[in-house]
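*Asks:* Fold the following and give me the result.
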Amino acid sequence: MIDFAALLYQDHREKDETQKEDVFRSLCIACVCLAAALIAGRVIYKAYAAYCGHSSYATLGDGFLCLVIEAVFAGLYLFILKSHKRKTAVLVLMCAQLVATSVICFATNKENATVFSSEYLEAANNAGKSVTTDIKDFERIKNTDYKIDHIDYALVMGQEAISNYWHVINPDLQPNFAALGYSINWTQLLDAGGTIFSDTLLHIQYDLSYRNLPESMYSLCENVEGYNGDQIGLYKNNLELPFAIGTDTYELSAGSDLFSTQNSLFSAITGSNETLIRDVTGELDTTDLIYETNVTGGRKVLYFYGTNNTDLQETITVNGQEVYIPNSDSSENTSYPVDFGNGLICLGSFENESVSVEFNGEADLSQLHIGWLDYDLLTGAVKEIQDQNPKITTLKQKNSGVKLKLDNVTKSNVFLPISYDKGWSCKVNGKKVEIGSIDGMLSIPVEQGSDNIVLKYHPSGRTLGLIISLITLLICVAGRYLFKKGIVKQDQKTEGVLGSIAYDIYGVVYALFIALLFIVPILCYLRQILVLIQS
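*Replies:* Here you go, the predicted model:
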């Protein structure tokens, strides 16, 4: 679009040198462009509304209509450029195309899918403006029930979180965080789910929740404004672990059992052999899928996760009350699993009381898992870590990494709640060390005593991009020098040859770009649609 506009402007200036532009003609073209845009917008709006009401929309989606629109306009462009070659017609057609495609991108039907709802965005914006609690660097925030923008809320509020909507995260992070019980959807990483232990370990110190959270686990800081007068509670986690934790574990891989993964991580961080989460799935009544028990021996937190799919959904009641599952469609959703709620679900915190859990749905016993987290054990472990952990004397966040200084280091490694990636490099006391991974987070080998740790991140492709840019710059400088010295004559023939070579190279690169960006995804999309239709 920019190239086309520049060419039109250049052509206009060349003509302006020989003749004065007809103002009336320009106004007529502008009116025709406006009319074409309005007509195209109205037609596509009507067509889109009818298409959304058709049964095929559930299978084909918006992508199919976009392909149809682009194909129609491509045909019209080819016809005009081949037979008439009129720039005015191309300009009018381009205005119509831009409006037509914009209708699909910003169609009102998107509001029906709550994931795109502007209410979420407004709630996140209001919460960010009204919150007065001081949330420090390296402290993360969590959205538990999706009463505000369930993915991008941290970006809107200007706070740190583990959620990520933009599909640019390392794909290795998906299974790591899913194994810890956090929800994922496609390539979207959500911070719903997990346990109070994994939250504390990841430095998730604050929770936004429309419903009251257990007082034994959280303290209410304030009520912040949401959407349309909603009051959302900002809660602080009562437990807090140091940002850097000494450990004797260098590598640890997550497993498929979410409770076992939490237990292994607890053992690696604390050095304890005690079980943090006791799996009681075997105590479920095999016929009615009911679990009943008396909670004794201190505070316990009950967690659930399922391996069932959306065709075998479950609803859960605890002591007669339905459990709400975070979801993009409704904060009142009670079905598990759903698109944005497929991780660990907290069923409540209990102490010295009877608990009855009932499952209702199509899943069988092998797909349901419940376990008790020993909150008193966790509290004691957190206090022990605080007392024995190396003292953090320096903790600075930089644009490309973290600078950390520790005193009284006694263990062989330091755990950091930072996502593992091959782009990280680390120096300890000036010496480069190999970074390990503990369930997808960083493990740094350290020395006894005091350690200066410097972490730097280098995105993949940056070095190659820098080399290509430098080579290009050197070619431009060399070409300028050769022309200036007369080694290469700056005549029409030389410029023509060089221009032709540059044009051919650009054409090949541009063709590859179009193929990778448009043609390949379109073919993959059509193949997926064909498979769905055949099935």
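*Asks:* so where do the helices sit in the stretch 51-200 of the chain?
*Replies:* 57-79, 87-105, 118-130, 153-157, 173-179, 196-201 (DSSP state H, counting those that start in this stretch).
*Asks:* most tightly surrounded among these?
*Replies:* Comparing the helices of the stretch 51-200 of the chain by mean neighbour count (mean count of other C-beta atoms under 10 Å), helix 196-201 comes out on top with a mean of 24. In short, each C-beta sits where N, CA and C put it, glycine included.
*Asks:* Name the strands paired with whichever helix or strand comes after it and say parallel or antiparallel.
*Replies:* Per DSSP states H and E, the first helix or strand lying C-terminal to helix 196-201 is strand 204-209. Strand 204-209 has the following strand partners under DSSP bridges: strand 140-143 (parallel), strand 231-237 (antiparallel).
*Asks:* just to revisit the earlier point, export the helices of the stretch 51-200 of the chain as TSV, with columns for distance to Asp451 and mean pLDDT.
*Replies:* TSV is the format used below for the helices of the stretch 51-200 of the chain (distance: least, C-beta to C-beta, whole Å; pLDDT from 0 to 100):
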stretch	distance to Asp451	mean pLDDT
helix 57-79	52	84
helix 87-105	51	85
helix 118-130	36	89
helix 153-157	30	90
helix 173-179	26	88
helix 196-201	21	97
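*Asks:* need the ones you listed in a markdown table with distance to His458, can you?
*Replies:* Supplementary listing: the helices of the stretch 51-200 of the chain in a markdown table, determined by distance: least, C-beta to C-beta, whole Å:
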| stretch | distance to His458 |
| --- | --- |
| helix 57-79 | 35 |
| helix 87-105 | 34 |
| helix 118-130 | 31 |
| helix 153-157 | 23 |
| helix 173-179 | 17 |
| helix 196-201 | 26 |
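*Asks:* could I get the strands paired with strand 204-209 as CSV with distance to Gly75, mean pLDDT and mean neighbour count?
*Replies:* Output for the strands paired with strand 204-209, formatted as CSV (distance: least, C-beta to C-beta, whole Å; pLDDT from 0 to 100; neighbours: other C-beta atoms under 10 Å):
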stretch, distance to Gly75, mean pLDDT, mean neighbour count
strand 140-143, 46, 94, 24
strand 231-237, 51, 96, 20
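*Asks:* Output those in JSON lines, with distance to Glu160 appended to each entry.
*Replies:* Output for the strands paired with strand 204-209, formatted as JSON lines (distance: least, C-beta to C-beta, whole Å):
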{"stretch": "strand 140-143", "distance to Glu160": "5"}
{"stretch": "strand 231-237", "distance to Glu160": "14"}
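*Asks:* Pro521 is nearest to which of those?
*Replies:* strand 140-143 (30.6 Å; C-beta to C-beta).
*Asks:* Quick one: closest of the strands paired with strand 204-209 to Ser437.
*Replies:* strand 140-143 (19.4 Å).
*Asks:* Need the contact partners of the closest one.
*Replies:* Strand 140-143 is contacted from outside by 135, 149-150, 153-154, 157, 159-163, 191-192, 199, 202-208, using C-beta atoms under 8 Å, 6 or more residues apart in numbering.
*Asks:* if we can go back for a sec, closest one to Tyr235 among the helices of the stretch 51-200 of the chain?
*Replies:* helix 196-201 (11.2 Å).
*Asks:* tell me what that closest one is packed against?
*Replies:* strand 231-237, helix 258-270, helix 375-388 (3 or more C-beta pairs under 8 Å, 6 or more residues apart in numbering; DSSP states H and E).
*Asks:* got those as TSV, with distance to Tyr182 columns?
*Replies:* What follows is the helices and strands packed on helix 196-201, written out as TSV (distance: least, C-beta to C-beta, whole Å):
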stretch	distance to Tyr182
strand 231-237	16
helix 258-270	10
helix 375-388	18
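*Asks:* Find the one among these with the highest mean neighbour count.
*Replies:* Using mean count of other C-beta under 10 Å, the stretch among the helices and strands packed on helix 196-201 with the largest mean neighbour count is helix 258-270, at a mean of 22.
*Asks:* Following the chain past that helix, name the next helix or strand.
*Replies:* Heading C-terminal from helix 258-270 (DSSP H and E), you reach strand 277-279.
*Asks:* Any buried residues in the helix or strand that that following strand is followed by, and which?
*Replies:* Using DSSP H and E, the helix or strand that follows strand 277-279 towards the C-terminus is strand 290-295. For strand 290-295, the neighbour count (16 or more other C-beta atoms under 10 Å) marks 291, 293, 295 as buried.
*Asks:* got it, and stretch 323-340?
*Replies:* 323-329, 331, 333-338, 340.
*Asks:* what's the most distant pair in those residues?
*Replies:* Farthest pair in the buried residues of stretch 323-340, by C-beta to C-beta: Val323 and Ser328, 17.5 Å.
*Asks:* where does the protein have low pLDDT?
*Replies:* Low-confidence segments of the chain (pLDDT under 70): 1-6, 12-22, 84-85, 107-116, 166-168, 488-492, 494.
*Asks:* Pick the one among the buried residues of strand 290-295 closest to Leu7.
*Replies:* Nearest to Leu7 among these, with distances taken as C-beta to C-beta, is Tyr291, at 71.2 Å.
*Asks:* Quick check, Ser400 in contact with Arg462.
*Replies:* No - the pair Ser400 / Arg462 is not scored as a contact, 10.3 Å apart, by C-beta atoms under 8 Å.
*Asks:* ok, Phe415 - contacts?
*Replies:* Applying C-beta under 8 Å, 6+ apart, the residues contacting Phe415 are 244-247, 249, 268-269, 438, 441-443.
*Asks:* beta partners of it?
*Replies:* Ile245, Ser443.
*Asks:* now it: how far from Thr315?
*Replies:* The gap separating Phe415 from Thr315 is 38 Å, by C-beta to C-beta, to the nearest Å.
*Asks:* do Gly465 as well
*Replies:* 51 Å.
*Asks:* neighbour count winner among the two?
*Replies:* Neighbours were counted for Gly465 and for Thr315 using other C-beta atoms under 10 Å; Thr315 has more, 15 against 10.
*Asks:* And Phe518, how close does it get to Gly465?
*Replies:* Distance, Phe518 to Gly465, using C-beta to C-beta: 22 Å.
*Asks:* likewise Gly181?
*Replies:* On the measure of C-beta to C-beta, Gly181 and Gly465 end up 37 Å apart.
*Asks:* ok, now Ala178?
*Replies:* In terms of C-beta to C-beta, Ala178 sits 31 Å off from Gly465.
*Asks:* What of Tyr165?
*Replies:* In terms of C-beta to C-beta, Tyr165 sits 25 Å off from Gly465.
*Asks:* can you check Cys221 too?
*Replies:* For Cys221 relative to Gly465 (C-beta to C-beta), the value is 44 Å.
*Asks:* what's the straight distance from one end of stretch 359-371 to the other?
*Replies:* End-to-end distance of stretch 359-371: 15 Å, with C-alpha to C-alpha, to the nearest Å as the criterion.
*Asks:* before we move on, what about stretch 426-436?
*Replies:* 11 Å.
*Asks:* Please renumber the chain so that the first residue is 563 from this point on.
*Replies:* Got it, first residue is 563 now, which makes that one stretch 988-998.
*Asks:* Could you find the closest non-adjacent residue to Ser1012?
*Replies:* Asp969 (5.0 Å; C-beta to C-beta, 6 or more residues apart in numbering).
*Asks:* what do you get for Leu742?
*Replies:* Spatial nearest neighbour of Leu742, chain neighbours left out: Ser760 (4.9 Å); criterion: C-beta to C-beta, 6+ apart.
*Asks:* Val880 and Ile907 touch, don't they?
*Replies:* No - judged on C-beta under 8 Å, Val880 makes no contact with Ile907 at a distance of 10.4 Å.
*Asks:* Sweet, I'm off.
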